[in-house]
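Asks: Sharing a model prediction with you, sequence too.
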Amino acid sequence: MSVGLEVKNEKLETKKEQVISKRFYIESYGCQMNFADSEVVASIVSNHGYVSTTDLNEADLILLNTCSIREKAELTVRKRLESFNKLKKHNKKLKVGVLGCMAERLKDKFLDEEKIVDLVVGPDAYKDLPNLIEEINDGRSAVNVILSKDETYGDVSPIRLSSNGVTAFVSITRGCDNMCTFCVVPFTRGRERSRDPKSILKEIQQLVDSNYKEVTLLGQNVDSYLWYGGGLKKDFGKISDLRKKSSIDFSKLLKLVAESFPKLRIRFSTSNPQDMSLNVIKTMSSYKNICNYIHLPVQSGSDDVLKAMNRQHTRKEYLTLIKEIKTIIPECGISHDMITGFPNESEEDHKLTLDLMDEIKYDFGYMFKYSERPGTYAGKKFDDNIAEEVKKIRLQEIIDLQRKHSSYRTNQYIGKFVEVLIEKESKKSNLFWSGRNEQNTVVVFPKEFYNVGEFVNVEVNSCTSATLIGQATGYSIK
Ligand code: SAH
Ligand code: F3S
């Protein structure tokens, strides 16, 4: 009898030890939303008894939060997975999970294609992780890629990973209904749904209580935010007029956040031109704590290409929107996303893109070669017929032109004062701080007696195309 008891205790001990010592390691790829999602995942997995580690070698569970936006992003993840083979040989109990867009796109095919993978979880299924982890620890593989109509993780308090303690992302919408023909996101992240403003405010309050100074409200299409008590954006038309009246759109949400947290810096991303309203721009201009910066992807300067991309706005409409922004907020920083080499893009189309850039002179931008994604409309209907060499040349022209415009923009700041939130040490020198001005341009300056998390005024005295360099002249009163 006593032997039995001993065995039982031993078992209990081992189980307890296992629970205490299990460690997870998480790595994120792709968009800001993925990084924010990883913080939700970290919270869910931690509540299941796992402790986070930044050391791969001591992990019992490795999670990769993956991106499918371009083929290159997927190849990076596959390479990374390969590198775990060695670790798995050393540690037979090590489990590897794939989360995010690649999980959603490839589903259980992943298990066949990458033998190293034990777990496949799509962006809407993270709450199922505790069950799925139990399954893989019992020696089975596990997959959940069910997309949801209402999951927003509003009730999960994210654990801030590798945070600077000053800036944080807060997601406000999930999914996208826009169906741009090149884009895999609507397939991997599902239909658009908005998060309850109460839970958004609660999360921001927690951040403010922990001394965070800036939040970025996140969504694939933030301007399309619409809270009417829950449910898909596409079902809004079916509700009563009374409920419609009391609904909260993005400009109202911005106002709510700005008024509730007057000392907090507020940013948002991403804005899609067809969904950005004048009300949003006016709200930005009415509140000092909403940063004068808009990321406004355009993808192309040619109407023919915009149409084939199903972007739902013309070049002229986009330029009108830019004009409205600049009229209401003359000092607004604007950045873009651009895709070059979309199917059938002619030299003329490409010239129109360069011409649009010349007209706007963006502060900065993110520029990509078109990458055909399986399952998208463009992937199915259009021939990826622009030669790689041509894509390369066009991309370089776009990048060079952007560098010229960025330089033009940063030079405009010389001799002026900008407000900077100090985020971290400059990468180039440990004697300098690094932060961003309202317009999202990086500013570096000598540390002196200032600290991370403080708002300071900086006089700009020189610049590169991407960075302003200056001297702090005192605290900025918030
Ligand atoms: N609305 C999203 C867009 C996500 S994708 C957001 O939150 O930013 C980011 C950018 O990747 C797009 O704006 C587009 O410029 C680029 N992109 C998307 N699909 C692509 C593809 N198939 N090939 C090349 N670039 C792509
Ligand atoms: Fe993709 Fe277009 Fe939505 S780029 S995320 S489908 S707005």
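Replies: Yep, it's here. Ligands and ions are numbered 1, 2, ... in the order given.
Asks: Mind jotting down where the strands sit in the stretch 151-300 of the chain?
Replies: Listed in chain order, the strands of the stretch 151-300 of the chain (DSSP state E, counting those that start in this stretch) span 167-171, 173-174, 193-194, 214-218, 226-227, 248-249, 265-269, 293-295.
Asks: Between those strands, which one is closest to residue 475.
Replies: strand 265-269 (14.5 Å; CB to CB). From N, CA and C alone the C-beta is placed, and that goes for glycine too.
Asks: where does the stretch 351-478 of the chain dip in pLDDT?
Replies: 478 (pLDDT under 70).
Asks: ranges for the helices of it?
Replies: Under the criterion DSSP state H, counting those that start in this stretch, the stretch 351-478 of the chain contains helices at 377-381, 388-411.
Asks: again, but for the stretch 201-350 of the chain
Replies: 241-245, 250-260, 278-286, 303-308, 315-328, 347-360.
Asks: Ok, the stretch 1-150 of the chain next?
Replies: Under DSSP H, counting those that start in this stretch, the stretch 1-150 of the chain gives helices at 2-21, 32-46, 71-90, 101-106, 109-113, 129-137.
Asks: got these as a markdown table, with mean neighbour count and distance to ligand 1 columns?
Replies: What follows is those, written out as a markdown table (neighbours: other CB atoms under 10 Å; distance: least, CB to the nearest ligand atom, whole Å):
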| stretch | mean neighbour count | distance to ligand 1 |
| --- | --- | --- |
| helix 2-21 | 10 | 38 |
| helix 32-46 | 21 | 7 |
| helix 71-90 | 14 | 8 |
| helix 101-106 | 25 | 10 |
| helix 109-113 | 14 | 20 |
| helix 129-137 | 18 | 24 |
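Asks: Nearest to ligand 2, out of the ones you listed?
Replies: helix 32-46 (9.5 Å; CB to the nearest ligand atom).
Asks: Now do that closest one: everything it contacts.
Replies: Where contact means CB atoms under 8 Å, 6 or more residues apart in numbering, the residues beyond helix 32-46 that reach it are 24, 26, 28, 52, 61, 63, 65-67, 99-101, 123, 126-127, 129-130, 133, 153, 156-161, 169-171, 189, 216, 218-220, 269.
Asks: Buried ones only from those residues, please, as a ChimeraX command.
Replies: Buried residues among the contacts of helix 32-46 (16 or more other CB atoms under 10 Å), as a ChimeraX selection:
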select :24,26,28,61,63,65,66,67,99,100,101,123,126,127,129,133,153,156,158,159,160,161,169,170,171,189,216,218,219,220,269
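Asks: what about the residue in the stretch 251-400 of the chain that ligand 2 sits nearest to, distance to residue 183?
Replies: Ligand 2 sits closest to residue 272 of the stretch 251-400 of the chain, with a gap of 4.7 Å, by CB to the nearest ligand atom. Going from residue 272 to residue 183 by CB to CB, to the nearest Å gives 11 Å.
Asks: List phi and psi for residue 344.
Replies: When read as degrees, to the nearest 10, the backbone of residue 344 gives phi 70, psi 10.
Asks: Hmm, residue 309 and it touching each other?
Replies: No. Between residue 344 and residue 309 there is no contact under CB atoms under 8 Å: 11.0 Å.
Asks: The two: which is more packed in?
Replies: Set residue 344 next to residue 309 and count neighbours by other CB atoms under 10 Å: residue 309 wins out with 21 against 12.
Asks: Let's see the pLDDT reported for the more buried one.
Replies: Note for residue 309: predicted pLDDT of 98.
Asks: Which residues are in contact with it?
Replies: Going by CB under 8 Å, 6+ apart, residue 309 touches 180, 181, 182, 299, 300, 339, 342, 378.
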